[in-house]
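Novice: just need the structure, nothing else, for what follows:
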Amino acid sequence: MRLFENIVTKINLAMMWFCGILIVLMGLATTYDIVMRSFFKAPTQWAFELNSYLCAAVAFLAGGFTLMVNGHVRVDILYLRFRPRKKALADACTSVLLFLLCAVLIFIGFQTAIESWQSASRSGGGLNPPLFIPQLLVPLGGFLLGLQAIIRFLSDLRMVLKGGEGER
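Specialist: Down below sits the predicted model:
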């Protein structure tokens with residue numbers, strides 16, 4: 001089981017670095033577009049669309065890493081008052097919803113990407129890429145989030161069953 005956790009952790013750490021590079025590329029594309037528009041009166045036709053796709057990539061690919069570092073938003077009014085074991089129980093119970101979300105992202109996202117691939121749909125924007133390429137980010141992001149959710153669920157389960165401080 002440790003091997004699975006190590007592999008998923010390394011994948012999500014790699015995604016964090018990859019997303020960081022994408023954010024830098026977004027900044028460069030935006031800067032280039034601003035310079036071209038402001039100084040040369042020649043705005044790019046591709047920068048906005050590229051940044052939209054890169055932003056979507058960051059949002060979907062960083063989900064697993066964000067769960068790994070406990071960075072997702074939650075309502076902490078009661079949760080912060082819980083002892084570690086009760087927090088783990090609450091997290092384990094709500095994991096069902098997270099797994100459902102991951103399943104929807106994977107299955108519906110993949111189905112949508114396949115339909116776009118079969119119909120040869122394109123964006124129609126300045127870059128005009130095939131739509132299935134950015135649409136594949138949805139199931140990939142759901143998969144990465146789901147892998148990390150499995151690790152979190154098992155950690156919560158160990159905490160609930162054995163008690164103690166767990167691995168958080």
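
Novice: now the element after the helix or strand Leu3 falls within, going C-ward?
Specialist: If you go by DSSP states H and E, Leu3 is part of helix 2-40. Moving toward the C-terminus from helix 2-40, the next helix or strand (DSSP H and E) is helix 47-61.

Novice: same for that following helix, what does it pack against?
Specialist: Helices and strands touching helix 47-61, as assessed by 3 or more Cβ pairs under 8 Å, 6 or more residues apart in numbering; DSSP states H and E, comprise helix 2-40, helix 132-135, helix 137-162. From N, CA and C alone the C-beta is placed, and that goes for glycine too.

Novice: just the CA atoms of the following helix or strand past it, as CSV, please.
Specialist: As assigned by DSSP H and E, the chain's next helix or strand after helix 47-61 is helix 63-68. The C-alpha coordinates for helix 63-68 follow below in CSV (Å, rounded to 0.1, in the frame of the first residue of the first chain):
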residue,chain,number,x,y,z
GLY,A,63,-6.9,19.0,-7.6
GLY,A,64,-5.1,15.9,-6.4
PHE,A,65,-2.2,18.0,-5.1
THR,A,66,-4.5,20.4,-3.3
LEU,A,67,-6.3,17.5,-1.6
MET,A,68,-2.9,16.1,-0.6
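
Novice: elements contacting the next helix or strand along the chain from helix 63-68?
Specialist: For helix 63-68, the succeeding helix or strand toward the C-terminus, using DSSP H and E, is helix 84-118. Applying 3+ Cβ pairs under 8 Å, 6+ apart, we find helix 84-118 packed against helix 132-135, helix 137-162.

Novice: what residues sit buried inside the shortest one?
Specialist: Of the residues in helix 132-135, Phe132, Pro134, Gln135 count as buried by neighbour count, 16 or more other Cβ atoms under 10 Å.

Novice: and it, how far out from the chain middle?
Specialist: Helix 132-135 sits 15 Å away from the centroid of its parent chain (Cα atoms, centre = their mean, to the nearest Å).
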